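Asks: Take this sequence and fold it.
(chains A, B, C and D)
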4 protein chains.
Amino acid sequence: MALSLSQASEIVDAGLRKARELELRPLTVTVLDPGGHPIVVKREDGAGILRPQIAHAKAWGCLGTGAGGAAGARHATRDPSFFAALAAISEGRIASSRGGALIRDKDGTLLGSIGVSGDRPDNDEAVAVAGVEGIGLVADVG
Amino acid sequence: MALSLSQASEIVDAGLRKARELELRPLTVTVLDPGGHPIVVKREDGAGILRPQIAHAKAWGCLGTGAGGAAGARHATRDPSFFAALAAISEGRIASSRGGALIRDKDGTLLGSIGVSGDRPDNDEAVAVAGVEGIGLVADVG
Amino acid sequence: MALSLSQASEIVDAGLRKARELELRPLTVTVLDPGGHPIVVKREDGAGILRPQIAHAKAWGCLGTGAGGAAGARHATRDPSFFAALAAISEGRIASSRGGALIRDKDGTLLGSIGVSGDRPDNDEAVAVAGVEGIGLVADVG
Amino acid sequence: MALSLSQASEIVDAGLRKARELELRPLTVTVLDPGGHPIVVKREDGAGILRPQIAHAKAWGCLGTGAGGAAGARHATRDPSFFAALAAISEGRIASSRGGALIRDKDGTLLGSIGVSGDRPDNDEAVAVAGVEGIGLVADVG
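Replies: The predicted structure follows:
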């Protein structure tokens, strides 16, 4: 079971509306299906050219380990060598930073993940949460 | 000079409306800036998991050589060894198939590129053209 | 909007004149367009064989995150795990060290970036700044 | 023994002057040392974003096999499977197309190589030869 394109689009658009309300720096927001494959990517005007890959890695990393981005960031702080290994093991598909979340329904079923990049990690995470909650789903940041 | 996120979103959405009118198979549509970096990616429900990379490679390949996807497809037919080399040189960033187009304004200025993947190459190309022309820009398929 | 080859050549040559005035070690200087693609690369006699890639990574990293090399170097000191992840995410396209700068016009419009490698980071940065300012543009080191 | 930066710069500039005389499409010209490492790269305004890598691969391929680009192109036509393998073996560093030449002095000593990309292979080769002969050296196209 995965998010539809329609749901993923609403999540991304709700997240970007939040970002503009908060007047954050230009962001990129990515929503992946449970297999780690993109459904929607949007990069705002002026965002750096690596932001799509960073947003992807935040979202992919949550699926990779089965834990939200905040949990990943704490884990990486405790065990940086392991995350250095994960970077290589995943061939650069993991970013251990806040701004990523697993997307679940009310029953906890995994539907996909979201990654946000461009501002400070806590702001990126706020946008991820706003987007997912904007359509009545649960953002599991860990 | 590049497309705004707003323009790129309209291009992708216009393309996908065309795809539903034509009842094509599930598609992925990607719009890149002139440097080959994603602005918007959308993958329809049921599309294969490699489609985002294929759509990316169709769009990126146009920017890589400076020619639309139809021109690239003809060139690859004439000189398959060179395109096999290009696949490696570009680290898998080029797909020499119809479904990609350079996006230009009325004066010919390069604004980005589009790639579409999921149906037959000519149908993918029709969607790319419909999306770009949908906002009054020019789809250069070569 | 990007630098012309003529502008990029003048930037590189002005930077290398500065390097010879300062009697620095042999340098490589690279100027990229806003999409991260080379316009001009020059490697001085005696420079190490990895210097072109290091200069490229300093310049590319600025575009990747949207911040100059000095800002990147400070960020990497604060959060080394994230930059280890970025090295993998970017497939080796980022060097978080001084010697890179975004190139802007007087109005702040991004025109490209410059990377310099071969001497100490502060000397590399001095060469980058001298090159960019040599044609009346702004070197944003962050 | 290798070309100096000064010599390599003159070769590239002489090649680009020839290209403008012939009114060719926008080109990229690369000169490598005998170890296959860039000394000078210049990309003209409007050239595709993969052109630097293609020019590099034309120049590198000559050093890789020890034969000029015309010889490589003939060889690839006779034995395409071998060149498909070479693409992988070299990790994308070889392009088997005209437009590359070994650079030798009058005595046949290898000094480096040149690669040109952006127009038809025969035109690219004419630019390579004009650049190298412009400073009194020998362009060995094979």
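
Asks: What segments of chain A are helices?
Replies: For chain A, applying DSSP state H gives helices covering A:5-21, A:51-65, A:69-78, A:80-89, A:121-133.

Asks: what residue is smack in the middle of chain A?
Replies: For chain A, A:Gly115 is the residue whose C-alpha lies nearest the centre (C-alpha atoms, centre = their mean; 1.7 Å).

Asks: what's the neighbour count on the residue in chain A positioned nearest to chain B?
Replies: As assessed by C-beta to the nearest C-beta, chain B sits closest to A:Val41 within chain A, at 3.9 Å. Heads up, the C-betas are built off the backbone N, CA and C, glycines and all. For A:Val41, the neighbour count with other C-beta atoms under 10 Å in any protein chain shown is 26.

Asks: Next, the contact list for it, please.
Replies: A:Val12, A:Thr28, A:Val29, A:Thr30, A:Val31, A:Pro52, A:Ala55, A:His56, B:Pro38, B:Val40, B:Val41 (C-beta atoms under 8 Å, 6 or more residues apart in numbering or on different chains).

Asks: Could you identify which of the helices of chain A is most buried?
Replies: helix A:51-65 (a mean of 27; mean count of other C-beta atoms under 10 Å in any protein chain shown).

Asks: just checking, what packs against it?
Replies: Other elements packing on helix A:51-65 under the criterion 3 or more C-beta pairs under 8 Å, 6 or more residues apart in numbering or on different chains; DSSP states H and E are strand A:28-32, strand A:38-43, helix A:69-78, helix A:80-89, strand A:100-104, strand A:110-117, helix C:80-89.

Asks: can you list these in TSV and add distance to C:Arg17?
Replies: TSV is the format used below for these (distance: least, C-beta to C-beta, whole Å):
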stretch	distance to C:Arg17
strand A:28-32	39
strand A:38-43	38
helix A:69-78	44
helix A:80-89	40
strand A:100-104	46
strand A:110-117	38
helix C:80-89	32
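
Asks: As a markdown table, these with mean pLDDT would be great.
Replies: Output for the helices and strands packed on helix A:51-65, formatted as a markdown table (pLDDT from 0 to 100):
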| stretch | mean pLDDT |
| --- | --- |
| strand A:28-32 | 98 |
| strand A:38-43 | 98 |
| helix A:69-78 | 91 |
| helix A:80-89 | 89 |
| strand A:100-104 | 98 |
| strand A:110-117 | 98 |
| helix C:80-89 | 88 |
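
Asks: Looking at these, spot the one closest to B:Leu22.
Replies: strand A:38-43 (21.4 Å; C-beta to C-beta).

Asks: Can you check what angle separates the closest one from strand B:38-43?
Replies: Angle between the axes of strand A:38-43 and strand B:38-43 is 160 degrees (criterion: axes from the mean of the first three to the mean of the last three C-alpha atoms, to 10 degrees).

Asks: got the angle between strand A:38-43 and strand A:110-117?
Replies: Going by the same axes, to 10 degrees, strand A:38-43 makes 20 degrees with strand A:110-117.

Asks: Strand partners (parallel or antiparallel) of strand A:38-43?
Replies: Here strand A:38-43 has these sheet partners by DSSP bridges: strand A:28-32 (antiparallel), strand B:38-43 (antiparallel).

Asks: ok, is stretch A:7-26 in contact with chain B or not?
Replies: Yes - if you take C-beta under 8 Å from any C-beta of the partner chain as the test, stretch A:7-26 does meet chain B, through A:Ser9.

Asks: Mind listing residues that contact that stretch?
Replies: Contacts of stretch A:7-26 (C-beta under 8 Å, 6+ apart): A:3, A:27, A:29-31, A:39-47, A:51, A:103, A:112, A:114, A:116, A:118-119, A:123, A:126-128, A:130-132, A:134-135, A:137, B:42, C:66.

Asks: picking up where we left off before, export the helices of chain A as JSON lines, with columns for distance to D:Ala87.
Replies: Output for the helices of chain A, formatted as JSON lines (distance: least, C-beta to C-beta, whole Å):
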{"stretch": "helix A:5-21", "distance to D:Ala87": "36"}
{"stretch": "helix A:51-65", "distance to D:Ala87": "25"}
{"stretch": "helix A:69-78", "distance to D:Ala87": "37"}
{"stretch": "helix A:80-89", "distance to D:Ala87": "25"}
{"stretch": "helix A:121-133", "distance to D:Ala87": "39"}
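
Asks: List the beta-bridge partners for the residue lying closest to A:Ile54 once chain neighbours are set aside.
Replies: In this structure, A:Ile54 finds its nearest non-sequential neighbour in A:Ser117, 4.0 Å apart by C-beta to C-beta, 6 or more residues apart in numbering or on different chains. Counting by DSSP bridges, A:Ser117 forms beta bridges with A:Thr28.

Asks: Off-centre distance for stretch A:75-94?
Replies: Remark: stretch A:75-94 is offset 17 Å from the chain centroid, using C-alpha atoms, centre = their mean, to the nearest Å.

Asks: Now restrict the contacts of stretch A:7-26 to buried residues only.
Replies: Burial by neighbour count, judged by 16 or more other C-beta atoms under 10 Å in any protein chain shown, picks out A:3, A:27, A:29-31, A:39-44, A:47, A:51, A:103, A:112, A:114, A:116, A:118-119, A:123, A:126-128, A:130-132, A:134-135, A:137, B:42, C:66 from these.

Asks: Would you confirm that A:Ala70 contacts A:Val129?
Replies: No - contact between A:Ala70 and A:Val129 fails when scored by C-beta atoms under 8 Å: they sit 10.3 Å apart.

Asks: what do the two both touch?
Replies: Contacts common to A:Ala70 and A:Val129, judged by C-beta under 8 Å, 6+ apart, are A:Val141.

Asks: wait, what's in contact with the closest residue to A:Ala67 other than its chain neighbours?
Replies: With sequence-adjacent residues excluded and distances taken as C-beta to C-beta, 6+ apart, A:Ala67 is closest to A:Gly142, at 4.5 Å. Contacts for A:Gly142 (C-beta under 8 Å, 6+ apart) come out as A:Cys62, A:Ala67, A:Gly68, A:Gly69, A:Ala70, A:Ala71, A:Gly72, A:Arg74, A:Ala101, A:Leu102.

Asks: any idea what sits nearest the fifth one, other than its immediate chain neighbours?
Replies: When the adjacent residues along the chain are set aside, A:Ala70 lies closest to A:Val141, with 4.4 Å between them (C-beta to C-beta, 6+ apart).

Asks: so what pLDDT did the one you found get?
Replies: A:Val141 is assigned a predicted lDDT (pLDDT) of 97.
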